[in-house]
Every structure is written in C-alpha cells, then in structure tokens.
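Peer 1: Sharing a sequence plus its predicted fold:
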Amino acid sequence: MAEKQKKPDTGAAILAKNSELTLEITDLNNLGCGVGRAPDGRVVFVAGAVAGDVVRTQIIKVNHSYAVGKLLAVLTPSPDRYEGFCAAPLSCGGCVYRHLSYERELVLKREYVKHCFSKAGLGDVVVENTQATGEVTGYRNKAEYPITVCKNALTGGFYAPKTHRVVAAQGCALQPPIFGEILHTVCKLLTAQGVSAYDETTGKGLLRHVYLRHGKSTGEIMVCPVVNGQALPDEAAFVAALLAAFPQIASILLNCNTRSTNVVLGDRYRTLWGKECLGDVLCGKRFDIAPGAFYQVNHDAAELLYGLAAKRADTGEKNALLLDLYCGAGTIGLSMAERFGEVIGIEIVPEAVASAKKNAALNHVQNAHFYCGDAANAEGLLAPVERERGRLYPDVVVLDPPRKGCDSVLLKFLAARAVPRIVYVSCGPDTLARDCAILRHLGYEIGSVTPVDLFPRTGHVESVVCLSRK
C-alpha cells in the first residue's frame, strides 16, 4: 500500500497564538474584518482593520488555513479609513463598517452582491450601483436592548458578536438619540423599584429586554419592557414617571416572555398606557404597526426600496393583478395599490394579516385584500383565496421573503402558473442569487439587480430585481 502523503507544513510554528506581526490589509469582507496574509501565506482576519491599512495585530486564533488577529495599532491608515463614527465600544459588533468611509462601503456592498451572483453562476447579470439616501446615523426606528446589571444598577446594551454577553452601551449612532435616553430612564426607574435583570443561565430575574419603536413621520414612540413574568411592580408609578420625562411617548406596553429561549419577544402584550399600535406614514400611506409586526427599520431607505420595486412591478395596465407574498402588514402591496386593478397579499402571521386589513381600511384602499397563508406551502398557498374567488392568474408577483429566501417548490409553483413578472425584494444577496438561478432555469430572464443600503455601517444590504418570463 502506498504511503499516505503528509499535508504540507502550513507554518503553525511561525504563526502562533498570542504572537504579534505587522500586516498589510488588502481586502475587507462583509463581516467588517480586514483581510491580510501572514508570512507563511495564511489568511489573517482582523476586525476593525480596513483595506489599505498597515496594522499591528496579535494572533488570537490559529487554524490550518487561516488565523484571526486582534487589532493593536494602525501603523499606516488607509485613505478609506474613517474614525469617530460612534462612541459605543467596538465589542458591540453592530457597525462592522464603522471605520470605513461611506463611499467605499457602498462600493463594497455592490461588489458583495456581484460576488453572490457570480458564485451562483450568474456572472452575466448586471448589478447596478448601490442606492442610498445618504443618511447613515439615527436611521433605525426599532431597538431591542438586552438588560444586565452594572454597578448594582440595571443597564442595557447589545450582545457581543456570536455571544449572549451583554456589552453595556446605551448610546448607538444608528438609533435616534432619544432611544438611549429612554433606555437610561427605564433602567433607572426599574432599578429604584428593585427589579432584577433576567439571567439566561438560571432562568431567574424579571427584566429581559427593553423594546423601543419610533414612527419617523409621526414622531410617535412605543416603549415595551419585556419581562420574565406577568407584571412590573407599581406599574402606574412607572408609567407616570416615564410619561413625565418623555411626553412624546404614544404607547407603553408590557411583553410577557417566560419561556427559556433566546427569542426576544413573547406572544402576549398588555397595554399599560396609550395606543396598542404605533402610527407612521410610509410611501404616502398611513400605517398602524402592531408591536410584533414586521416593519422596515429604515424609513427613508424603505421608501427608496419600495419605489424601485414599484417601478419594476408596474405593467402599465390598470386592471392588472398583483400578488404580494410575505406581505407582512401590507406595506409593499398598499404602496403599489394605485398602479394595479387589484392587490392580494398573503402572510403566515395572523396578527400581520389583521394589521394589513386595518391599514387598507385606514387608507381607504378598496382594491387590496389580505389572507393568511404559508408561502412555504405552495400547494395550499392560494387555497384560501381561490376557494372564495376562483383560480388566480397574477400578472405580477412580489416576493419579499426572510433572509433564507424562497423554497424552490414555491418558485416552481409560480413558474407553473406562468406568472409573467416576478419582482423579488431580498435582504440576503446569496439566497437571492440562488433563487434567481432557479428561476432562470425555469424560463425567466433576470433583469438588472439594484442593491439598496437599508442598513448603513452594517454588512447587510437589500436588493431588488425583476424577472420576466421568456
């Protein structure tokens, strides 16, 4: 028997844990890690480093094919390096591009989308420049702060990447400044009432998270403590003190989550004061947003994204039928209703369907109808609708699935119905490219892809593309 060949020496002795080296950073990935090569040829990832930097790094992890380094010092800064974006600790892990110029970030996001399409065998697909509003701070209208104890007081923050260790950081450049102020006040009031922080390891403690939402167009704010129980002590006093400090609060709810889970919100809400839903205006339509309903976190960029999707969806035929899958609270379908003869939305979450119906009535939109159904169940997807009105042949289908994309069975179902036009809105470029490859195989031509930056300073990017049946 021939002797088994040994793997070549990768230089583990040269690149050892805790060793330090000077590294030229040549690339930057979508996780915000600068990429360089050690003297032995192995790739080294360094969080906080930017392409073009020369850095001093300490090796904290060594693998046979790569290593991870901790940034010690920037010896020569890149022309694309940007400092002073946020006061929160780097360990919060939220803004992976906080050290990068925004102009370069937009280029990288386009390159990331192009890479995903090339990897899926779609290198010929045109990917346009990344579209953005230019607003990079204070754009998030939603925050979920995990709670911990610091110096005998409740405090909120963020989970460090890939952990459930809370990094105390009440300020965040991506969120409205008032969010940090409200969080600080909530923690101060509940500390004074003797409320304990929830401990995941023991399952004990009361306050798990503080959940906040903001309607940018209306100014309304929703405050929602999440508790491992059924109530807060002296809720009336808590509400009065919070409203005295922040009179613009429109809604104070309590969410009860007693399960041993890392899911933030429980199923039950109780209104302590004010409105049950948050009001906002998007694309000229008024929306009442239930506390658990999906709503894009970047208001202005969502209007940009939905506008691009509407242009691609528009057939020019006033009697055309639009099928809005994964419709949520109806934001996309209602924003396009004036372009179509009829809009039918389907969503798996009953609460969201109820919100969509309410929002249609709120805006006096009479040609939009919403049903509860599972987009993953292609065979039964249209059953609730077709039982009521007969077989459907939509002219346009809008897809806005979660990050995992669409089930291939659904895509085959749409192709079998010979849907002429599919407008796909995606928050996952890799799954978008995968699904576009399936649709091409099923007889669809892929139009140009437009990345839209709904999440500045993070590694995420939305995209929209229109696919037309040949």
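Peer 2: Perfect, I can see it now.
Peer 1: Tally up the residues packed near Cys75, please.
Peer 2: That one is not Cys; residue 75 is Leu. 12 (other CB atoms under 10 Å). To be clear about C-beta, it is placed using only N, CA and C from the backbone, and glycine gets the same treatment.
Peer 1: got it, and Arg213?
Peer 2: Arg213 has 25 nearby residues by other CB under 10 Å.
Peer 1: do you know how far it is from Gln296?
Peer 2: 12 Å (CB to CB, to the nearest Å).
Peer 1: for Asn152, same thing?
Peer 2: Distance from Asn152 to Gln296, by CB to CB: 38 Å.
Peer 1: ok, these two, which is more surrounded?
Peer 2: Neighbour totals were compared for Asn152 and Gln296, and Gln296 leads with 21 against 6 (other CB under 10 Å).
Peer 1: Run a quick check on that one versus Leu454, I expect a contact.
Peer 2: Yes. The pair Gln296 and Leu454 passes the contact test of CB atoms under 8 Å, sitting 6.6 Å apart.
Peer 1: who touches both of these two?
Peer 2: Each of Ala302, Leu305 lies in contact with both Gln296 and Leu454 under the rule CB atoms under 8 Å, 6 or more residues apart in numbering.
Peer 1: Who are the contact partners of Cys92?
Peer 2: Gly157, Phe158, Ala160, Val167, Ala169, Cys172.
Peer 1: check which helix or strand covers the first one.
Peer 2: Element membership of Gly157 [criterion: DSSP states H and E] is strand 153-159.
Peer 1: List the buried residues in that strand.
Peer 2: Leu154, Thr155, Gly156, Gly157, Phe158, Tyr159 (16 or more other CB atoms under 10 Å).
Peer 1: Repeat that for stretch 166-184.
Peer 2: Buried, per 16+ other CB under 10 Å, within stretch 166-184: 166-170, 172-176, 178-180, 182-184.
Peer 1: what's the answer for stretch 378-385, then?
Peer 2: Ala378, Leu381, Leu382, Val385.
Peer 1: min pLDDT across those, which one?
Peer 2: Checking pLDDT across the buried residues of stretch 378-385, the minimum falls on Ala378 at 82.
Peer 1: Which strand residues bridge the closest residue to Tyr424 other than its chain neighbours?
Peer 2: Distances taken as CB to CB, 6 or more residues apart in numbering place Leu399 nearest to Tyr424, at 4.8 Å, with adjacent residues excluded. Counting by DSSP bridges, Leu399 forms beta bridges with Leu325, Tyr424.
Peer 1: Isn't Leu399 up against Val425?
Peer 2: Yes. Contact criterion CB under 8 Å: Leu399 and Val425 qualify, at 6.8 Å.
Peer 1: Next, work out how far apart Lys109 and Val55 are.
Peer 2: Counting by CB to CB - Lys109 and Val55 are separated by 23 Å.
Peer 1: Repeat that for Lys70.
Peer 2: The gap separating Lys70 from Val55 is 10 Å, by CB to CB.
Peer 1: out of the two, which sits in the more crowded spot?
Peer 2: Neighbours per residue (other CB under 10 Å) separate Lys70 from Val55, with Val55 holding more: 25 against 15.
Peer 1: what residues are up against that one?
Peer 2: Thr22, Leu23, Ile25, Gly34, Gly36, Val46, Ala49, Leu71, Leu72, Ala73, Val74, Leu75.
Peer 1: For beta bridges, what are the partners of it?
Peer 2: Assigned bridge partners for Val55, using DSSP bridges, are Leu23, Val74.
Peer 1: Which residue ranges of the stretch 301-450 of the chain form strands?
Peer 2: 321-325, 342-347, 368-372, 396-399, 421-426, 444-446, 450-452 (DSSP state E, counting those that start in this stretch).
Peer 1: Which of those sits closest to Ala241?
Peer 2: For Ala241, the closest of the strands of the stretch 301-450 of the chain is strand 342-347, at 37.6 Å, according to CB to CB.
Peer 1: Can you tell me the strand partners of the closest one and which way each runs?
Peer 2: strand 321-325 (parallel), strand 368-372 (parallel).
Peer 1: so where is the stretch 301-450 of the chain shaky, pLDDT-wise?
Peer 2: The model of the stretch 301-450 of the chain has no residue with pLDDT under 70.
Peer 1: which residues of it fall in helices?
Peer 2: 331-336, 350-362, 383-389, 408-416, 429-441 (DSSP state H, counting those that start in this stretch).
Peer 1: For stretch 76-95, buried residues please.
Peer 2: Buried, per 16+ other CB under 10 Å, within stretch 76-95: Ser78, Asp80, Arg81, Tyr82, Phe85, Cys86, Ala88, Leu90, Cys92, Gly93, Gly94, Cys95.
Peer 1: nearest to His364, of those?
Peer 2: Closest to His364, out of all of the buried residues of stretch 76-95 and judged by CB to CB, is Gly94, at 39.5 Å.
Peer 1: wait, that closest one sits on Thr458?
Peer 2: Yes. With contact defined as CB under 8 Å, Gly94 counts as touching Thr458 (6.8 Å).
Peer 1: got any residues that touch both of the two?
Peer 2: With CB under 8 Å, 6+ apart as the test, Gly94 and Thr458 both reach Leu174.
Peer 1: Overlap in contacts, Lys70 and Val55.
Peer 2: With CB under 8 Å, 6+ apart as the test, Lys70 and Val55 both reach Val46.
Peer 1: now the longest helix anywhere in the chain and strand 421-426, what's the angle there?
Peer 2: Of all the segments of type helix in the chain, defined by DSSP state H, the longest one is helix 102-119. Between helix 102-119 and strand 421-426, the angle comes out at 120 degrees (axes from the mean of the first three to the mean of the last three CA atoms, to 10 degrees).
Peer 1: next helix or strand past helix 102-119?
Peer 2: strand 142-150.
Peer 1: Show me what that next one is packed against.
Peer 2: strand 153-159, strand 166-168, helix 177-192, strand 207-214 (3 or more CB pairs under 8 Å, 6 or more residues apart in numbering; DSSP states H and E).
Peer 1: Please state the offset of the shortest one from the chain centre?
Peer 2: For strand 166-168, the distance between its averaged C-alpha position and the chain's averaged C-alpha position is 20 Å (CA atoms, centre = their mean, to the nearest Å).
Peer 1: quick one: strands adjacent to that strand?
Peer 2: strand 153-159 (antiparallel).
Peer 1: For the strand it pairs with, which outside residues touch it?
Peer 2: So strand 153-159 is in contact with 88, 92-94, 145-149, 165-170, 172, 183, 186-188, 190-191, 195, 197, 207, 209-210, going by CB under 8 Å, 6+ apart.
Peer 1: So for Gly123, which of the strands of the stretch 301-450 of the chain sits nearest?
Peer 2: Nearest to Gly123, of the strands of the stretch 301-450 of the chain and by CB to CB, is strand 444-446 at 11.6 Å.
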